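J.: Turn this into a structure:
(one chain, ligands or ions: 1)
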Amino acid sequence: MKNTKIQVSLKQELDSSYTISIGESISCEIASFVSQVNPSSLAIITDSNLVSSAESLANEFEKEEINTSLISFPAGESSKTLATLESVLEQMLSHKLDRKSCVVAFGGGVTGDLAGFAASVFMRGISVVQVPTSLLAMVDSSVGGKTGVDFKQGKNLAGSFLQPKAVFADVSYLKTLPYSEIKNGLAESVKHAVMFDSSLFSMIRNNSSQFNLFDANIFSELVEKNCIIKSALVEKDEFENSNRVLLNYGHTVGHAIESLTGYSKVSHGEAVAIGMAVEGRIAVEKGFFSEADLNLQNSLLKSLDFSLKLPKISRTSLVESMKSDKKSTGGNIKIVFPEKIGKYSPESLSNSSIVSEKEILSALQVF
Ligand code: GLY
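T.: Residues are numbered from 1 along each chain as shown. Presented below is the predicted three-dimensional model:
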């Protein structure tokens, strides 16, 4: 038989644009948006802490005659696993969701990542609307379509990209959030500020004592500034082939800390803050970032109540864990870093982003 080649042409032009709505008491807009999407049914996926708020949202959907079910899982980063994903998918099947159903991811970063992942694989993919209720999810994880679950080897090591149909960041949900949770979002905001926007850096510094008191205007401004930065990067590099990687400042070390401490002892914000202090130090030692700017960064983090103290973990296991980071290839650990406050170093996108074990251990000496 003669050999044959058949070309499968798959050039696609997809418009997956969406709107991020930010403000106070805007959750009333969600039901009317979803009714325009016209799903066959809807599942609100949330965690055990948010069930009663999710029920209020479900009532809004029912008023629009959208057949709505509620799916919940135990709150906390330790739920971000394949086992929870399986249980959520089972519940979606038992609620008879189909290929025209829609998921509303209602909660913080864990919920957005888990519910987004569930939507992306359920019957090979259905729509998701992100309704972040934590500052972390509002300023970062609800935007950009990353979904995933953690493994003991590392964070977010399995996942997918699924851009939401819309994001509704209603800052009223932050009213009852403890400051320890607000800090998770502040760490990501400082990351955005240090890498991309000195005016955001000043805004955070000017309001650093205000974030433990709820002020809708301050939080709306903070969320807006962060979403502008993040969406600009995602628009240019949806699948993280180039500049989107810059959003990982502080995360190579941060994720290793979280994974080595079992995803429960150190919050994501604390881990990323320590990560920025360590990675900023590496950038100074490599000659790409100044000591003065590193001090400005660390002073801001301390004024927001981050300790910047490395938890009791062995430094060599930290380095080993960094090798499991998604950015590592062929065993090479990569970090991205700033050049000055408000500007990333272009060297982050070159081979200079590869750091040796010696460079990491040397930077860790001051921790
Ligand atoms: N949180 C980093 C990203 O979405 O790319």
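
J.: in the protein, which spans are helices?
T.: With DSSP state H, the ranges of helices along the chain come out as 28-37, 51-63, 82-94, 109-121, 135-136, 179-196, 198-206, 216-236, 251-260, 268-285, 291-303, 315-322, 357-364.

J.: Can you tell me the closest non-neighbouring residue to the residue nearest the centre of the chain?
T.: Centroid check for the chain by Cα atoms, centre = their mean gives S141 as the closest residue, at 2.9 Å. The shortest distance from S141 to any non-neighbouring residue, by Cβ to Cβ, 6 or more residues apart in numbering, is to G109 (4.3 Å). (C-beta placed from N, C-alpha, C; glycine too.)

J.: before we move on, what about S321?
T.: In space, S321 is closest to A256, 3.8 Å off (Cβ to Cβ, 6+ apart).

J.: what sits against that neighbour?
T.: Counting by Cβ atoms under 8 Å, 6 or more residues apart in numbering, A256 makes contact with G154, L318, S321, M322, S324, D325.

J.: So how do I select the buried members of the residues you listed in ChimeraX?
T.: Buried subset of the contacts of A256, written as a ChimeraX selection, criterion 16 or more other Cβ atoms under 10 Å:
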select :154,318,321,322,324,325
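
J.: Name the nearest of the contacts of A256 relative to K11.
T.: D325 (32.1 Å; Cβ to Cβ).

J.: Report the separation between Q297 and the ligand.
T.: According to Cβ to the nearest ligand atom, to the nearest Å, Q297 stands 18 Å off from the ligand.

J.: Which residues are in contact with that residue?
T.: So Q297 contacts V190, V194, M276, A277, G280, P338, I341 (Cβ under 8 Å, 6+ apart).

J.: Recalculate using a threshold of 7 Å.
T.: V194, M276, G280, I341 (Cβ atoms under 7 Å, 6 or more residues apart in numbering).

J.: Grab the nearest non-local neighbour of the second one.
T.: So the one you mean is M276. G250 (3.6 Å).

J.: circling back to that earlier point, contacting the ligand as well, which ones from the contacts of Q297?
T.: The subset of the contacts of Q297 within reach of the ligand, counting by Cβ under 6 Å from any ligand atom, is empty.

J.: what two of these are the furthest from one another?
T.: M276 and I341, at 11.8 Å, using Cβ to Cβ across these.

J.: between these two, who's got more neighbours?
T.: Comparing M276 with I341 by neighbour count (other Cβ atoms under 10 Å), the higher total belongs to M276, at 29 against 20.

J.: just to revisit the earlier point, pLDDT score for the residue nearest to S141?
T.: G109 carries a pLDDT value of 97.

J.: Tell me the buried residues in the biggest strand by length in the chain?
T.: When the chain is parsed with DSSP state E, its longest strand is strand 154-161. For strand 154-161, the buried set under the neighbour-count rule, 16+ other Cβ under 10 Å, comprises G154, K155, N156, L157, G159, F161.

J.: Could you list every helix and strand that that strand packs against?
T.: Other elements packing on strand 154-161 under the criterion 3 or more Cβ pairs under 7 Å, 6 or more residues apart in numbering; DSSP states H and E are helix 109-121, strand 146-151, helix 251-260.

J.: redo that, cut-off 10 Å
T.: Strand 154-161 sits against helix 82-94, helix 109-121, strand 146-151, helix 251-260, helix 315-322, with contacts defined as 3 or more Cβ pairs under 10 Å, 6 or more residues apart in numbering; DSSP states H and E.
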